[in-house]
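>>> when you get a sec, could you give me coordinates for this:
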Amino acid sequence: MRVIVVGAGVLGTMHAWHAIERGHEVLHIEREAEARGASVRNFGQIWVSGRAGGEELATALRARELWEGIGARVPAVGFRAIGSLTIVKNAAELAVAEAATRRPDASARGYRLLDADEARALNPALRGAFTAALWCERDAAVEPRIAQRALKAKLLESGRYTYLGGREVREVVGERAVRDDHGDTHHGDAVILCTGAWLGGLVRELVPDLPVRRVRLQMMQTDPLGEPLTTSVADADSFRYYPAYASEELDALASSQQQTPTAAAHKMQLLMVQRADGGLTIGDTHEYETPFGFDVVEDPYEHLTGVVESVLGRPLPTVRRRWAGVYAQCTDTSRVVHRQQVRDGVWLVTGPGGRGMTCSPAIAETTANELGW
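Below you'll find the model as predicted:
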């Protein structure tokens, strides 16, 4: 079988991976020379801890398993089973963390409530003042700026993988064929469109009423910390944005403890993970109303700097990069992904939202299974 995959972000790359794994030939087409969207502008976190139960958690856990296997075969992706700590600083936040540990699926997530000393023993870089931390053993991380290129290099070793960068697919032609902006037509046995946040043009023509929206975020990266940050780190504001933490205790927190004006205005939480070079990737914000602003504004970075310094108990290393990114999210946020056959032999797979890096291996595996690869 010859599979054409359009889009070389992590979701498209994982579809190519599963096709090659099952013995097929892949033509991979990307409108940029290399992926430049949300797949490289993210934390690289394999984030099981906050996922909703049911299908979403099952997908994340399967993806975590697949990522570990891929990391063993492609060490350059930087897979690390580091877990995460969500820091809590008062009784109301502690109550939400305790409620999470009582979930029926808490053991599957690796939840455990640690006191401050136990958390510092696990991650000695956390020298700030806090009450406790929710540990999630199943969380992990990869290197987002490297992973796509490393996976592509491994795919090329198969001899059945062809990559065409700098080609924008403009048209689906008949059955199982696409035409690019160089005027070339490419024929296959199946076409998988993984176009990420590119929802106009061809995608709009194929699915005018696509139930997917775009979300913009801001992030930053620092110089090396100078010591290991042995886990990913989140703050209690993250409880407000992840469905796993929904509870009466969270409702009480929301009514009694408001976010700071900056955090509320930008729909913020702290997520932080250390890169292979020792620097820290820190975020993030959420902007849902389009058209998005084009400025990268400073207030959120000042807020995040204060939160990080309160957790680390030391000044933040110099910030060397700031950036914005846009990802695609199903408007029904309970859905893991939007997968739709849009023509005979042509499928659109998009909208995993902030779950893309985490869930992409399992999403692609499901596509392969459903299409009988």
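
>>> and for the strand or helix carrying Gly325, what's in contact with it?
Gly325 is located in strand 319-330, with elements delineated by DSSP states H and E. Residues outside strand 319-330 that contact it (Cβ atoms under 8 Å, 6 or more residues apart in numbering) are 37-38, 41-42, 196-197, 199, 211-223, 279, 292, 296, 301, 305, 336-338, 350-354, 356. Using the backbone N, CA and C atoms, a C-beta is placed for each residue, glycine as well.

>>> tell me the strands in the stretch 251-373 of the chain, going along the chain?
Using DSSP state E, counting those that start in this stretch, the strands of the stretch 251-373 of the chain run over residues 271-274, 280-283, 319-330, 338-343, 346-350.

>>> tell me which of those is the most buried.
Mean neighbour count (mean count of other Cβ atoms under 10 Å) peaks for strand 271-274 among those, with a mean of 26.

>>> circling back: make JSON lines out of the strands of the stretch 251-373 of the chain and add mean pLDDT and distance to Val169.
Listed next are the strands of the stretch 251-373 of the chain as JSON lines, based on pLDDT from 0 to 100; distance: least, Cβ to Cβ, whole Å:
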{"stretch": "strand 271-274", "mean pLDDT": "98", "distance to Val169": "33"}
{"stretch": "strand 280-283", "mean pLDDT": "97", "distance to Val169": "31"}
{"stretch": "strand 319-330", "mean pLDDT": "96", "distance to Val169": "16"}
{"stretch": "strand 338-343", "mean pLDDT": "97", "distance to Val169": "13"}
{"stretch": "strand 346-350", "mean pLDDT": "98", "distance to Val169": "11"}
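
>>> out of the ones you listed, nearest to Ala190?
Ala190 lies closest, by Cβ to Cβ, to one member of the strands of the stretch 251-373 of the chain: strand 346-350, at 7.4 Å.

>>> quick revisit: export the strands of the stretch 251-373 of the chain to CSV and tack on distance to Pro144?
Formatted as CSV, these follow (distance: least, Cβ to Cβ, whole Å):
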stretch, distance to Pro144
strand 271-274, 10
strand 280-283, 8
strand 319-330, 10
strand 338-343, 22
strand 346-350, 18
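
>>> quick one: the helices in the stretch 251-373 of the chain?
Here the stretch 251-373 of the chain has its helices, by DSSP state H, counting those that start in this stretch, at 261-265, 299-312, 356-370.

>>> and the first one, what does it pack onto?
If I follow you right, that is helix 261-265. helix 299-312 (3 or more Cβ pairs under 8 Å, 6 or more residues apart in numbering; DSSP states H and E).

>>> where in the chain is pLDDT low?
Per-residue confidence of the chain (counting by pLDDT under 70) places no residue in a weak region.

>>> check the offset of the host helix or strand of Glu98 from the chain's centre.
Element membership of Glu98, judged by DSSP H and E, is helix 91-101. Mean-position distance between helix 91-101 and its chain equals 25 Å (Cα atoms, centre = their mean, to the nearest Å).

>>> counting residues, which helix of this protein comes out longest?
helix 55-73 (DSSP state H).

>>> list the buried residues in that helix.
Buried residues in helix 55-73, counting neighbours by 16 or more other Cβ atoms under 10 Å, are found at 56-57, 59-64, 66-67, 70-71.

>>> quick one: the strands in the stretch 51-200 of the chain?
Along the stretch 51-200 of the chain, counting by DSSP E, counting those that start in this stretch, strands occupy 84-88, 111-115, 132-136, 140-141, 161-165, 169-172, 177-180, 185-187, 190-193.

>>> want to try TSV for the ones you listed, with distance to Ala147 and mean neighbour count as columns?
Below are these laid out as TSV (distance: least, Cβ to Cβ, whole Å; neighbours: other Cβ atoms under 10 Å):
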stretch	distance to Ala147	mean neighbour count
strand 84-88	19	28
strand 111-115	27	17
strand 132-136	21	26
strand 140-141	10	26
strand 161-165	15	17
strand 169-172	23	19
strand 177-180	25	18
strand 185-187	25	15
strand 190-193	19	26
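
>>> that older thread, which member of the buried residues of helix 55-73 is positioned nearest Ser49?
Ala60 (9.1 Å).

>>> roughly how far apart are the nearest residue to Arg170 once chain neighbours are set aside and Ile29?
With sequence-adjacent residues excluded and distances taken as Cβ to Cβ, 6 or more residues apart in numbering, Arg170 is closest to Asp181, at 5.4 Å. Here Asp181 is placed at a distance of 10 Å from Ile29 (Cβ to Cβ, to the nearest Å).

>>> go on, His182?
From His182 to Ile29 the distance is 10 Å (Cβ to Cβ).

>>> who has more neighbours out of those two?
Ile29 (24 against 10; other Cβ atoms under 10 Å).

>>> residues near the nearest residue to Ala364 once chain neighbours are set aside, how many?
Sequence neighbours aside, Met14 is the residue nearest to Ala364 in space, at 3.8 Å (criterion: Cβ to Cβ, 6+ apart). Using other Cβ under 10 Å, Met14 has 28 neighbouring residues.

>>> just Pro361 next, same as before
A total of 27 residues lie near Pro361 under the criterion other Cβ under 10 Å.

>>> same question for the one 3 residues further on.
As a burial measure, Ala364 scores 28 neighbours (other Cβ under 10 Å).

>>> list the buried ones in stretch 294-314?
Counting neighbours by 16+ other Cβ under 10 Å, one finds that the buried residues in stretch 294-314 are 299-301, 303-305, 307-308, 311-312.
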